[in-house]
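Enquirer: Here is a sequence with its predicted model. Questions after.
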Amino acid sequence: MITKEQIELKRGKIGASQVGAAIGISPFQTPAGLAMEILGRIPPPEENAFMQIGNIMEPTIAKIYMNQEKIEIFEWQKTCVHPNFEWLIAHPDYYKTDEAGKPTCLIEIKNVGARQRFRWENGVPVYVVAQCVLQSLLAGINEVEVVAYFGGNDLEIYPLKITAKQQDALMTKVSLFWFNWISKNMIPPVCDRDIELIKTLYPTADNELELTATASVMQDIEEYQGWKENRNELDRTIGTLEAKIRLLMGGASTLKAPDGTRLFTYRQAKPSAKTDWKSVAQCFESQKNYVSKIDKHTKVKEGSRRFLDKHNYEA
């Protein structure tokens with residue numbers, strides 16, 4: 001488990017847990033998102049409950065592993081820094097030693113929640129492998145065991161033998177990310193996963209400020225409109241077919257295929273109660289007093305930004 005000082009040292013650098021994002025294989029962060037974080041455009045992600053649980057569980061999982069394997073492992077103490085690129089760092093979790101006490105194998109602990117288990121169906125996910133490759137490179141140890149604890153029940157051990165070819169390939173890709181973007185104070189191309197991030201980056205707008213699209217932006221806009229027209233046509237087609245199926249089902253709750261497979265369900269939801277609290281309040285006090293109390297407890301929330309496409313797709 002890393003210390004507060006090591007977390008601070010990590011700022012403005014690429015750590016092993018971020019290298020997957022740098023090379024575009026992380027399901028949790030995009031290259032653009034990582035670049036914005038490294039360059040200080042956005043704050044680092046706050047530690048959520050799952051991350052806190054992972055930190056708490058790490059030493060416990062290590063003990064379970066030691067009891068199961070009948071061996072002793074040791075917590076890695078120092079942060080590893082690349083000898084030529086100080087912006088590339090790693091902090092392994094634990095390590096095993098030989099009889100002479102020399103570290104021979106890194107141990108990477110993963111507490112995998114139920115919602116993330118699907119990523120492990122075919123073994124160690126590629127973004128975790130990338131993390132292990134960087135740790136191996138900077139620690140100078142080619143053997144890594146990924147110890148994954150699934151859903152608080154199952155402990156799985158995945159031995160990895162890291163090769164020089166893997167290390168070289170990773171260094172090439174992460175160096176391209178750094179020197180093409182970070183060293184130039186630039187952001188890689190964004191993708192659909194970055195929309196929420198952009199909302200965070202620009203939460204407010206100057207309603208008097210207008211921009212004129214450049215030629216390259218107009219190309220993006222034309223491509224956007226073309227895809228949206230196709231999507232609108234697709235949505236209409238799907239909607240028409242859905243209407244036909246709903247009409248066919250009529251009052252039935254289920255539509256089955258000839259072999260008995262359930263194709264669609266159209267069930268009646270249970271009745272739900274909705275209270276008109278305004279009317280209830282009016283029963284107990286005058287309209288004037290009610291409105292004044294509402295005003296007293298009403299807070300003005302700053303309006304959010306809405307992205308509106310002004311193109312007329314029906315023309």
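Expert: In hand now; what should we look at? Numbering: from 1, shown residues only.
Enquirer: Just give me how far the helix or strand where residue 237 lies sits from the chain centre.
Expert: Residue 237 belongs to helix 215-249 when assigned by DSSP states H and E. Centre-to-centre, helix 215-249 and its host chain are 27 Å apart (CA atoms, centre = their mean, to the nearest Å).
Enquirer: what is the mean pLDDT for that helix?
Expert: The pLDDT scores in helix 215-249 average 94.
Enquirer: Quick check: can you name the pairing partners of the helix or strand following that helix and their directions?
Expert: Where DSSP H and E defines the elements, the next helix or strand beyond helix 215-249 is strand 254-256. Strand pairing for strand 254-256, determined by DSSP bridges: strand 262-265 (antiparallel).
Enquirer: Residues touching the strand it pairs with, excluding its own?
Expert: 245, 249, 253, 254, 255, 256, 257 (CB atoms under 8 Å, 6 or more residues apart in numbering). (C-beta placed from N, C-alpha, C; glycine too.)
Enquirer: what two of these are the furthest from one another?
Expert: Spatial extent of those (CB to CB) is set by the pair 253 and 257 at 15.7 Å.
Enquirer: Tell me which other helices or strands whichever strand in the chain runs longest touches.
Expert: Counting residues, the longest strand in the chain under DSSP state E turns out to be strand 103-112. Here strand 103-112 touches helix 49-69, strand 94-97, helix 126-139, strand 143-150, going by 3 or more CB pairs under 8 Å, 6 or more residues apart in numbering; DSSP states H and E.
Enquirer: For residue 191, see how far away the closest residue to residue 22 other than its chain neighbours is.
Expert: Nearest residue to residue 22, sequence neighbours excluded (CB to CB, 6 or more residues apart in numbering): residue 177, at 4.4 Å. Separation of residue 177 from residue 191 (CB to CB, to the nearest Å) stands at 15 Å.
Enquirer: who has more neighbours, the two?
Expert: In terms of neighbours (other CB atoms under 10 Å), residue 177 is the more surrounded of residue 177 and residue 191; the figures are 21 against 12.
Enquirer: tell me the contacts of the more buried one?
Expert: 14, 22, 23, 31, 35, 188.
Enquirer: Make sure it is indeed in a helix.
Expert: Yes: the assignment for residue 177 (DSSP: H, G, I helix; E, B strand; the rest coil) places it in a helix.
Enquirer: measure it to residue 46 for me?
Expert: Using CB to CB, residue 177 is found at 24 Å from residue 46.
Enquirer: Phi first, then psi, for residue 80.
Expert: Dihedral angles phi and psi of residue 80 (degrees, to the nearest 10) take the values phi -90, psi 130.
Enquirer: Tally up the residues packed near it, please.
Expert: 20.
Enquirer: do the same with the one 5 residues further on
Expert: When neighbours are counted by other CB under 10 Å, residue 85 registers 15.
Enquirer: One more: residue 147?
Expert: Residues lying near residue 147 (other CB under 10 Å) number 23.
Enquirer: Also residue 107?
Expert: So residue 107, with other CB under 10 Å, has 23 neighbours.
Enquirer: Kindly report the same for residue 229.
Expert: Around residue 229 there are 12 residues (other CB under 10 Å).
Enquirer: Could you do residue 84 as well?
Expert: Here the number of neighbours of residue 84 (other CB under 10 Å) works out to 7.
Enquirer: That one sits in which helix or strand?
Expert: Using DSSP H and E, no helix or strand contains residue 84.
Enquirer: That one and residue 151, how far apart?
Expert: 41 Å.
Enquirer: Residue 144 too?
Expert: 23 Å.
Enquirer: With neighbour numbers in mind, choose between the two.
Expert: It is residue 144, of residue 144 and residue 151, that has more neighbours when counted by other CB under 10 Å, with 25 against 12.
Enquirer: what pairs with that one across the strands?
Expert: According to DSSP bridges, beta-bridge pairing links residue 144 with residue 106, residue 160.
Enquirer: now residue 14
Expert: Beta-bridge partners, per DSSP bridges, of residue 14: residue 88.
Enquirer: Mind pulling up the pLDDT for it?
Expert: 97.
Enquirer: Please tell me I have it right and it contacts residue 35.
Expert: No: using CB atoms under 8 Å as the test, residue 14 is too far from residue 35 to be in contact (10.1 Å).
Enquirer: Select the helix or strand of this protein having the lowest average pLDDT value.
Expert: None of the helices or strands of the chain scores lower by mean pLDDT, DSSP states H and E than helix 287-296, at a mean of 63.
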